[in-house]
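# compute the structure for the input listed below.
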Amino acid sequence: MATTTNKQKLLTQLFAAFKKAPESTPAEPLPVLEQFIFGLCRQNATREQAETAFGNLRERFFDWNEVRVSSDREVADALGDLPEAEVQAQRIIAFLQEVFVKEFSFDLEGLHKKGVKQAHKALTRYQAADDYVCAWVVQRTLEGHAIPVDAPTLRVTRRIGLLDGDVEDVEAQRTSLEHLVPKAKGPLFTDLISLVAKEYCWEADPHCAACPLVSECAFAHENRSQELTPARTSRTKPR
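Sure, this is the predicted structure:
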């Protein structure tokens, strides 16, 4: 189990190694409703995939109401190569339908007046919401401190030692990261961990040798040790 000091060293190395990475450039803030939809696109996806999917939604449909009344298939086609595009399309449509029924509009900017805690609570009431999407909106638009945790984020943070592998509760994992990562660097951390997952820390056959975090990564060291350990061969016992 990595100590707090080692975890802070990992964070320092992460920010230094990817200082000039494209994903370290802050994205333009979006209104609450659009940020929620972008969060749905971003979950388990790369920034590039999410931006393409979100851009398609805005370009191919006249407005959010047209997205709401479109079929799952039409919306999924617009999402392109997004992971689980059909599931995310259903969530987007369901979210827009709920907002329309409650607000009779597609404007959730009133949440800014509630404060971060109450705004977060209001977002969790939507059927399409989950811990990741709500944390995404809090981090990117509501100016609160939250670290969205999806599958790639969980994979990388566990492997490099920022999260302990025996912690299963998503909220507990997110809270642990929020204690480690300063609020001001939350968006950057989210994007850089996603970049590591995309470029090096793949689910299968990760490219550890090329990863800038290899010197501090427990998972990489373990893999390297296994590669260097010679396989045992059976020998015929001498007579």
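# okay, which residue is most central for this protein?
residue 150 (4.6 Å; C-alpha atoms, centre = their mean).
# if I pick it, what's in contact with it?
Going by C-beta atoms under 8 Å, 6 or more residues apart in numbering, residue 150 touches 42, 43, 44, 132. Just so you know, the C-beta spots here come from the backbone N, C-alpha and C atoms, and that holds for glycine as well.
# any stretches of the protein with poor pLDDT?
Applying pLDDT under 70 to the chain flags the ranges 1-2, 24-26, 167, 224-239.
# what's the first helix or strand after the lengthiest helix in the chain?
In the chain, assigned by DSSP state H, the helix with the most residues is helix 85-103. Remark: after helix 85-103, the chain's next helix or strand is helix 116-124, criterion DSSP states H and E.
# now do the helix or strand following that following helix: everything it contacts.
Note on helix 116-124: by DSSP H and E, the next helix or strand toward the C-terminus is helix 131-140. The contact list for helix 131-140 (C-beta under 8 Å, 6+ apart) reads 27, 29-30, 32, 35-36, 38-40, 42-43, 116, 119-120, 123-124, 144-150, 170-171, 174, 186-187, 190.
# now helix 131-140, how far from the centre of its chain.
With C-alpha atoms, centre = their mean, to the nearest Å as the basis, helix 131-140 stands 9 Å off its chain's centre.
# buried set for it?
Residues 131, 132, 133, 134, 135, 136, 137, 138, 139, 140 are the ones in helix 131-140 that count as buried (16 or more other C-beta atoms under 10 Å).
# cool, stretch 153-168 as well?
Buried, per 16+ other C-beta under 10 Å, within stretch 153-168: 153, 154, 155, 156, 157, 158, 159, 160, 161, 162, 163.
# measure that stretch end to end?
With C-alpha to C-alpha, to the nearest Å applied, stretch 153-168 spans 14 Å between its terminal residues.
# try stretch 198-206
Using C-alpha to C-alpha, the distance between the terminal residues of stretch 198-206 is 10 Å.
# in that stretch, which residues are buried?
Taking 16+ other C-beta under 10 Å as the criterion, stretch 198-206 shows 198, 199, 200, 201, 206 as buried.
# so what touches that stretch?
Here stretch 198-206 makes contact (C-beta under 8 Å, 6+ apart) with 46, 152, 155-156, 159-160, 207-208, 210-211, 219-220, 223.
# can you check stretch 96-110 too?
For stretch 96-110, using C-beta under 8 Å, 6+ apart, the contacting residues are 31-33, 36-37, 63-65, 67-68, 126-128.
# for that stretch, list the C-alpha coordinates in CSV.
Extracted in CSV, the C-alpha atoms of stretch 96-110 (Å, rounded to 0.1, in the frame of the first residue of the first chain):
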residue,chain,number,x,y,z
LEU,A,96,-33.7,15.4,-21.7
GLN,A,97,-37.2,14.0,-21.2
GLU,A,98,-37.0,14.3,-17.4
VAL,A,99,-35.6,17.9,-17.7
PHE,A,100,-38.4,18.8,-20.1
VAL,A,101,-41.1,17.4,-17.9
LYS,A,102,-39.8,19.1,-14.8
GLU,A,103,-38.7,22.5,-16.3
PHE,A,104,-40.6,22.6,-19.6
SER,A,105,-37.3,23.9,-21.0
PHE,A,106,-33.7,22.8,-21.3
ASP,A,107,-32.2,25.2,-18.9
LEU,A,108,-30.7,24.1,-15.6
GLU,A,109,-28.7,27.2,-14.9
GLY,A,110,-30.8,27.9,-11.8
